[in-house]
Structures are given as C-alpha cells and as structure tokens.
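>>> pasting a predicted model and its sequence here:
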Amino acid sequence: MRREGSPFQGVGSVAVKELADNLSSARMLVLELLIVLTALAALYGAIDSLRQNTAEDPFLLLRLFTVNRAPLPSFVAILGFLIPLMAIGLGFDAINSEHNRRTLSRILAQPIYRDALLMGKFLAGLATLAISLTALWLMVIGLGLIFLGVPPGGEEIARSLAFLVIAVFYAGVWLSLAMLLSIVFRSPATAALVALGIWLFLTVLWPMLAPALAQMIAPPDPRYAMLGLDTPDTAIWALTLSRLSPNHLFGEAMMAVLSPTTRSLGPVFLEQLRGAVMGAPLPFGQSLLIAWPQTVCLIAGTIVLFVAGYVVFQRQEVRA
C-alpha cells in the first residue's frame, strides 16, 4: 500500500536525532580534538610570525588563515587536509550500519520514506561539520583579537565568512562521497578504506599525476622549454586535470577569497592587468567572482554524489 504524504516526511526528525548522535559521539570528539590541536599549532606559528612583522597590514586577520611558519603549514592547508577526514568519519557508516544492526527495515516501516532517511542523515552530517567549522572560525577570530590586538575590519569579516561557507561546501563533497560508499558497501570497514583511498589519491597522488598526464596529452614545445617557459597548452591541461581534485578547488577558492591581491587562478592575460596597480587588493565582490567557479564545482560535486547515492539506495532491497 502506498503511503500518503510528502516523500520528505520525517526529514526533521531524522536530522535532529542524527545530529544529536553525531555531536555526542566519541568518534566526533576525537576528530574535533585532532583538528583543534593541529589548528592551534598552525595558528600559534602564524601569530608568532605576524607579531614579529612590524609592517602595517590592512588584512592582518586574513593572514592568520594563510601564513605558514616552517615546519607548520598554514591554517587553511591543515583544514584542506583534515576536513575530508572529519566528513569521511561521519558518513562512512551512515547507511550500512543500519543494515548491519538490522534496524533499516524497522525505520522504513515507520511513516518515513527512504528519501527522508537519506536526506536527514546528510543534513545532520553537514550541520555537524558546519557547527565544528564555525567553532574553529570563532576560535581564529578570538585568538586574533587577543594576541594581535587589532580588531578586524568589515571586509576581513566578510572574506572570512566566505571562507567558512566554502569550507562547508568542501566538506559536503566528502560527506556525500562517504555516504555513497556506505550505501554501496555493506561493510563499514570497506567503505572507510575505499573513502580514505580516494582521499589519499586525490590529495597526494593526483597533483603529481596531473602534470604527467598533461604532458602526454599536450607535449611541451621545445621552443618554450629553451626560454624556461611552460607550454601554454600543457599548462592549461595540467590546471584542468588538477581541478578534478576537490582539494585543489578548495585551495584555489581560498587563495582568491583570503588573498585580496589574487587576480587570477589560471593563466594571466594582458587584459586582466590593464589599468591594474600591482599589489593592490581587489574588492571583495571581484574576489568572490574569481572564486565562484571553484565554489560551484564543489556544490555540483556534492549534488552529483548525493544523487548517485540516492539512486543506488532507492534500488537496494531492504530485508528485515
């Protein structure tokens, strides 16, 4: 018998229950401690470096996100590496754990559709990540006020908020991937290993493979090599292939938003430099336009992966 009502009936109930479980779980506590301690180490190096720099900087707050002091990477680089871990940790057993506990059929026997169950779990995971990233963002703002003693300006707050929103979208890509794998594989261990393998491949190996593949597609021109320049076609292919990695897209978007002097994320043409003052910061709106394609790609990746998981989940047989 077909149940009446909205196919998303029960999304709120599932989301609230899953959000409470996520925020109170020991797994989430460990992941949050890992990210907070690592981020604090990066912020300590950035604050120490900025306090030694006596030059006036109109974007001092933004430098907290991007400055690195060897051997520690920048705050943004650490988040680009650790956000996928947190998202995978939340989503790798979202569905298969219900199968293994034999509770999925009981949940779907209630007036809750599969659509509502999947959407509720995804929204709960995304809300958990958003809460954690917002707490980190507030920590950066607070530490900057305490140790630097310089209140941030309106544009700095706007740019840092854009960083927060893009970081949530970046986390959504990996959460969607982890949930898709939790639907495809019944074993949580298998889903976690595959998700971590994809993360390591796209984060560590793909940046090394993309230039090699670009040289195979568009071999370098010896005339450019004699001048010490990159062949334009090869460079464009390398950049395009690199952008298949969410980590690369996140890094480019952060460069555009948190570095106001960034005028292009790809090849620079003379039209872009016409009338420009070298080193002058761009308005916030123009920086957003530069980061907009990368942001859209992250949102699109989240939607595509979620839809793929939705289709697979709808076709699966649920047994008691």
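That came in fine, so what should we check first? Everything numeric in this text was worked out from a predicted model, so none of it was measured.

>>> name the helices or strands packed onto the helix ranked longest in the chain?
For the chain, the longest helix by residue count, based on DSSP state H, is helix 114-148. Counting contacts by 3 or more CB pairs under 8 Å, 6 or more residues apart in numbering; DSSP states H and E, helix 114-148 packs against helix 11-24, helix 26-52, helix 60-66, helix 75-91, helix 104-109, helix 154-184, helix 284-315. C-beta: built from backbone N, CA, C; applies to glycine.

>>> okay, the ones you listed in JSON lines with distance to residue 238 next?
Converted to JSON lines, these look like this (distance: least, CB to CB, whole Å):
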{"stretch": "helix 11-24", "distance to residue 238": "38"}
{"stretch": "helix 26-52", "distance to residue 238": "28"}
{"stretch": "helix 60-66", "distance to residue 238": "23"}
{"stretch": "helix 75-91", "distance to residue 238": "19"}
{"stretch": "helix 104-109", "distance to residue 238": "44"}
{"stretch": "helix 154-184", "distance to residue 238": "22"}
{"stretch": "helix 284-315", "distance to residue 238": "16"}
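
>>> include mean pLDDT, mean neighbour count and distance to residue 244 when you put those helices into TSV, please.
Shown next, in TSV, are these (pLDDT from 0 to 100; neighbours: other CB atoms under 10 Å; distance: least, CB to CB, whole Å):
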stretch	mean pLDDT	mean neighbour count	distance to residue 244
helix 11-24	84	16	29
helix 26-52	78	16	25
helix 60-66	79	22	24
helix 75-91	89	22	15
helix 104-109	68	14	33
helix 154-184	92	22	12
helix 284-315	91	17	9
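
>>> buried set for the longest helix of the chain?
114-130, 132-133, 136-137, 140-141, 143-144, 147-148 (16 or more other CB atoms under 10 Å).

>>> mind checking which of the helices and strands packed on helix 114-148 is nearest residue 230?
helix 284-315 (21.1 Å; CB to CB).

>>> how about the helices and strands packed on helix 114-148, which one is nearest residue 192?
Nearest to residue 192 among these is helix 75-91 (6.9 Å), distances taken as CB to CB.

>>> gap between the closest one and the chain center?
7 Å (CA atoms, centre = their mean, to the nearest Å).

>>> so what's the residue count around residue 212?
Residues within reach of residue 212, counting by other CB atoms under 10 Å, total 10.

>>> and for residue 201?
Residue 201 is flanked by 12 other residues according to other CB under 10 Å.

>>> please apply the same query to residue 193.
14.

>>> with the one 4 residues further on instead?
As a burial measure, the neighbour count of residue 197 was computed by other CB under 10 Å and equals 10.

>>> sticking with it, tell me its helix or strand.
Residue 197 belongs to helix 188-200 when elements are defined using DSSP states H and E.

>>> after that helix, which helix or strand is next?
Next element after helix 188-200 (DSSP H and E): helix 206-217.

>>> residue 227: which of the helices and strands packed on helix 114-148 is closest?
helix 284-315 (28.2 Å).

>>> by contact count, what packs against the closest one?
Contact partners of helix 284-315 among helices and strands, from 3+ CB pairs under 8 Å, 6+ apart: helix 114-148, helix 154-184, helix 246-258.

>>> which neighbouring elements make contact with the shortest one?
Helices and strands touching helix 246-258, as assessed by 3+ CB pairs under 8 Å, 6+ apart, comprise helix 60-66, helix 75-91, helix 154-184, helix 284-315.

>>> nearest to residue 10, out of the ones you listed?
helix 284-315 (15.3 Å).

>>> can you count the residues close to the residue lying closest to residue 181 once chain neighbours are set aside?
Excluding its sequence neighbours, the residue lying closest to residue 181 (CB to CB, 6 or more residues apart in numbering) is residue 191, at 4.2 Å. Residue 191 is flanked by 26 other residues according to other CB under 10 Å.

>>> report the contact partners of residue 191.
Contacts here follow CB atoms under 8 Å, 6 or more residues apart in numbering; on that basis residue 191 touches 92, 93, 96, 178, 181, 182, 184, 185.
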